[in-house]
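# Sequence plus the predicted model coming up.
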Number of protein chains: 2
Amino acid sequence: MKDVAKLAGVSLKTVSRVINDEPSVNKAMRAKVRAAAAELNYQPNYGASALRRNDGRSQQIGLLLEDLSNPFSSAIYRAVEEVAMTYGFTVLGGSLEEDPARERTLVAAMVRHRVDGFILASASHDQSHLVNEQEAGVPLVFVDRQPVGIQADYVMSDSRQGAYSAVAHLAQHGHTHIAYLGDLESIVTAQDRFAGYLDAVADFGLCFDEAHVIKGLRTTEAAQEKVLQLLQSKNAPTALFTGQNLITMGAVRAIRALGLQKKIAVVGFDDFVLADMLEPAVTVVAQDPAAIGVEAAKLMFARLSGSDAPYEAVEIPTALIVRGSGEIRAKSRTK
Amino acid sequence: MKDVAKLAGVSLKTVSRVINDEPSVNKAMRAKVRAAAAELNYQPNYGASALRRNDGRSQQIGLLLEDLSNPFSSAIYRAVEEVAMTYGFTVLGGSLEEDPARERTLVAAMVRHRVDGFILASASHDQSHLVNEQEAGVPLVFVDRQPVGIQADYVMSDSRQGAYSAVAHLAQHGHTHIAYLGDLESIVTAQDRFAGYLDAVADFGLCFDEAHVIKGLRTTEAAQEKVLQLLQSKNAPTALFTGQNLITMGAVRAIRALGLQKKIAVVGFDDFVLADMLEPAVTVVAQDPAAIGVEAAKLMFARLSGSDAPYEAVEIPTALIVRGSGEIRAKSRTK
DNA sequence: CTGAAAGCGCTTACAG
DNA sequence: CTGAAAGCGCTTACAG
């Protein structure tokens, strides 16, 4: 900036005014400064600017998701990125992997970078450690996770209702023994999906069997193994409700390995690529991760614009997509 | 920091020393400072620190990929993130979408944040606009794209060899009329894959037909439509080589729509989830995006540690994965 | 081993 | 409409 000022023959302050598009600058001067800046390939230093500015904005937001290589997370990332770009903000991304220690590390790193806000799918059981940031004026928007121990905006799918509709769909096709295969119990949405399962069990008078409830599944491989065991057990279920996309894929693999794809019904929570091309095609309760990302980003930028409206809880509806695997009727129980 | 100093009853400089783990600090003093920092929940401001430091490091790297919601890109992101974390760096991510204007915008934004280095799959035909950054000491590592108009480290799959092996595999199963379906010609790896296709055409004496060469495919939908037309045309090919994962999925959809899945052979470049669960399962030339990300990050941190070794060109080998769709033998040409 | 002064690149608050 | 001085939070370069 000093060099630009020297080249243009003006003061530092004038360069600053031109860079920040302040109106009160003579046209000729503005042109001179712009020319000098272009010639020197000058790019303002946001860090230095943020240091002195009253609002101290760094023009970055932190985005902490479960795992950026999972399509659900990356669709959210992409949506947030798009909105952020229209505001001239960049996105600092991180994968939490359901590890609270990792969350602390990443949050601390981003705080040191003075991000202007956090959008996060927290991996912690309790997010009260973020109260300090919030009180310091850094807005928090939770996605795919309800805040616990702290008040904040959040955006998520209606998990309980979605799970209910999945299990109801199976019940309507004659199934009474429907297994639940879900993620870690520590994840609030997993709890909600299980609650939806239980709602349907009660409403439709389904048989509840402890052995048909399997939780804590994190990977396709783990789900595959558990479903293999389950389907080979004595009182095997005739239908499965799977609580997220990796579990659904693992279940499909296990069913296929046993050659039961025409017998065991499956409805999965969360859609995935090529679900419609499998045989049978997989019936799912689809989420809309892009909508979750967009809504979260909108809330974030509203807060950054100074909104002090009451915290919002945005529920993004889910949609049952009928494709085949969920419409297999219950005949006789296997074995 | 001022508050920490006051609370601990020491000078600013001493707090700075403790925060930066400089050895020459009295143990008791260090403990006092740490206690004060913890009590005030102090987090150092990287921006301010970078401003004054000799090396001016911001502890951030910019990672610009094609599209973070594509599994190929997101696997690279994830790998880079892991390596960066071990160095205490955060990652500023962006999606370029093969749009050079968008690349300029994102690069400029990251330069304003003074990222310490760029890892990028450039969308520009020519990357000489990055020379300024490079000369200013910001290392550049290219992934999945060869640098043009600039010298730098780069890491990519061996596209030409991989494509060759895919087409050779089809030729060995009796095909002489093999179509090429590829991405934008402006992408260097797409050019390489087409070159590999031509190599195999020449080596195996295959029939080369302009009508069987389709370029510029960016989405599953576009590929699906073109393959539908191609397979219904008069001189339809008996086999397809598809240049990236979205194209392969589009081709599989088109073939399925026409009921030709037992007749038309397919080998795709780049693996994708569930490729093994389709019927027939899809034979692919798999890339290793995680390895690409790790190697790129290693090169980046070597440069950031001051390495001035000659620029490296790392080629990550591809692997042909035989699953079924590529082993369908040529019988008679369709129609 | 510890500290007081200066300065990184920028904006603020003020004067002209 | 333009500029000179001070200061954001930190580290440097030096003195003790």
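That came through fine.
# OK, contacts around A:V91?
Contact partners of A:V91, counting by C-beta atoms under 8 Å, 6 or more residues apart in numbering or on different chains, are A:Q60, A:I61, A:G62, A:L63, A:Y77, A:V80, A:E81, A:A84, B:L92, B:G93, B:G94. Where you see a C-beta, it was placed from the backbone N, CA and C, and this is true even at glycine.
# Among these, name the ones in helices.
Using DSSP state H, the members of these that fall within helices are A:Y77, A:V80, A:E81, A:A84.
# and the residue in the stretch 101-250 of chain A that DNA strand C sits nearest to, which of the three is it?
Proximity of the stretch 101-250 of chain A to DNA strand C (C-beta to the nearest atom of the strand) peaks at A:R114, 12.8 Å away. Recorded secondary structure, A:R114: coil (DSSP: H, G, I helix; E, B strand; the rest coil).
# can I assume it is in contact with A:S58?
Yes: using C-beta atoms under 8 Å, A:R114 is in contact with A:S58, at 4.7 Å.
# so what sits against both of these two?
Common neighbours of A:R114 and A:S58, using C-beta under 8 Å, 6+ apart, are A:A50, B:G47.
# okay, the two: which has more neighbours?
A:S58 (25 against 20; other C-beta atoms under 10 Å in any protein chain shown).
# chain center to stretch A:259-277: distance?
Its chain's average C-alpha position is 22 Å from that of stretch A:259-277, according to C-alpha atoms, centre = their mean, to the nearest Å.
# show me what contacts the residue of the stretch 151-300 of chain A found nearest DNA strand D?
Nearest residue of the stretch 151-300 of chain A to DNA strand D: A:M300, at 23.4 Å (C-beta to the nearest atom of the strand). In this structure, A:M300 makes contact with A:I61, A:G117, A:I119, A:P139, A:V141, judged by C-beta under 8 Å, 6+ apart.
# mind listing the helices for the stretch 201-335 of chain A?
A:220-232, A:245-257, A:289-304 (DSSP state H, counting those that start in this stretch).
# Chain neighbours aside, what residue packs nearest to A:V143?
A:A296 (4.8 Å; C-beta to C-beta, 6 or more residues apart in numbering or on different chains).
# returning to what we had before: for the residue of the stretch 151-300 of chain A closest to DNA strand D, give its distance to A:P71.
22 Å (C-beta to C-beta, to the nearest Å).
# ditto for A:A84
20 Å.
# again, but for A:F272
Distance of A:F272 to A:P71, given as C-beta to C-beta: 7 Å.
# Look through chain A and state the residue closest to chain B.
Closest contact between chain A and chain B, by C-beta to the nearest C-beta, is at A:G47 (3.4 Å).
# So, low pLDDT: which residues of chain A?
Applying pLDDT under 70 to chain A flags the ranges A:332-335.
# Show me how the record splits it into domains.
Chain A breaks down into these domains under automatic domain parsing: A:2-44, A:60-156+A:289-315, A:159-288.
# how about the ones in helices among the contacts of A:V91 in TSV, adding neighbour count?
As requested, these are exported to TSV (neighbours: other C-beta atoms under 10 Å in any protein chain shown):
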residue	neighbour count
A:Y77	24
A:V80	27
A:E81	23
A:A84	23
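# Return only those of those residues found close to chain B.
Residues shared between these and the neighbourhood of chain B are A:Y77, A:E81 [C-beta under 8 Å from any C-beta of the partner chain].
# A:L12: what's it in contact with?
Shown in contact with A:L12 (C-beta under 8 Å, 6+ apart): A:M1, A:K2, A:A5.
# Please report phi then psi for the nearest residue to the first one once chain neighbours are set aside.
Of all residues beyond its chain neighbours, the one nearest A:M1 is A:V15 (5.5 Å), with distances taken as C-beta to C-beta, 6+ apart. Recorded main-chain torsions at A:V15 are phi -60, psi -50, according to degrees, to the nearest 10.
# and what of A:L140?
The phi/psi pair for A:L140 (degrees, to the nearest 10) is phi -120, psi 130.
# That one: neighbour count?
Close neighbours of A:L140, defined as other C-beta under 10 Å, add up to 25.
# For beta bridges, what are the partners of it?
A:F118 (DSSP bridges).
# Pretty sure it sits against A:V155.
No: if you go by C-beta under 8 Å, A:L140 and A:V155 don't touch, sitting 11.9 Å apart.
# Find the closest residue to DNA strand C in the stretch 151-300 of chain A.
Closest point on the stretch 151-300 of chain A to DNA strand C, by C-beta to the nearest atom of the strand, is A:M300, at 21.7 Å.
# Next: chain A.
For chain A, C-beta to the nearest atom of the strand, closest residue to DNA strand C: A:M1, 2.4 Å.
# can you pull out the strands in the stretch 51-200 of chain A?
In the stretch 51-200 of chain A, the strands defined using DSSP state E, counting those that start in this stretch lie at A:60-65, A:90-95, A:117-120, A:140-143, A:153-157, A:178-181.
# Buried residues in the fourth one, which are they?
For strand A:140-143, a neighbour-count test (16 or more other C-beta atoms under 10 Å in any protein chain shown) marks A:L140, A:V141, A:F142, A:V143 as buried.
# Make CSV out of these and add distance to A:Q287.
CSV is the format used below for these (distance: C-beta to C-beta, whole Å):
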residue, distance to A:Q287
A:L140, 22
A:V141, 17
A:F142, 15
A:V143, 11
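# Which members of these are the farthest-apart pair?
A:L140 and A:V143 (10.6 Å; C-beta to C-beta).
# joint contacts of the two?
Counting by C-beta under 8 Å, 6+ apart, the residues touching both A:L140 and A:V143 are A:L120.
# Enumerate every residue touching A:V107.
If you count contacts by C-beta under 8 Å, 6+ apart, A:V107 has them with A:G62, A:L64, A:F118, A:H129, A:L130, A:E133.
# Out of those, which two sit at the greatest distance?
A:G62 and A:H129 (14.3 Å).
# which of those two has more neighbours?
The neighbour comparison of A:G62 against A:H129 (other C-beta under 10 Å) goes to A:G62, with 24 against 17.
# Quickly list what the more buried one is bridged to.
Bridge pairing for A:G62 (DSSP bridges) gives the partners A:L92, A:F118.
# That one reaches A:S122, doesn't it?
No: at 12.0 Å, A:G62 does not count as touching A:S122 under the criterion of C-beta under 8 Å.
# check contacts around the residue lying closest to A:A152 once chain neighbours are set aside.
Excluding its sequence neighbours, the residue lying closest to A:A152 (C-beta to C-beta, 6+ apart) is A:L140, at 4.4 Å. By C-beta under 8 Å, 6+ apart, the contact set of A:L140 is A:G117, A:F118, A:L120, A:Q127, A:L130, A:E133, A:Q134, A:P147, A:I150, A:A152, A:D153.
# Report the buried members of these.
Neighbour counting by 16+ other C-beta under 10 Å classes A:G117, A:F118, A:L120, A:Q127, A:L130, A:E133, A:Q134, A:P147, A:I150, A:A152, A:D153 among those as buried.
# Next up, the contacts around whichever residue of the stretch 201-335 of chain A sits closest to DNA strand D.
Among all residues of the stretch 201-335 of chain A, A:L304 sits closest to DNA strand D, at 19.4 Å; criterion: C-beta to the nearest atom of the strand. Shown in contact with A:L304 (C-beta under 8 Å, 6+ apart): A:R57, A:Y87, A:D116, A:G117, A:P139.
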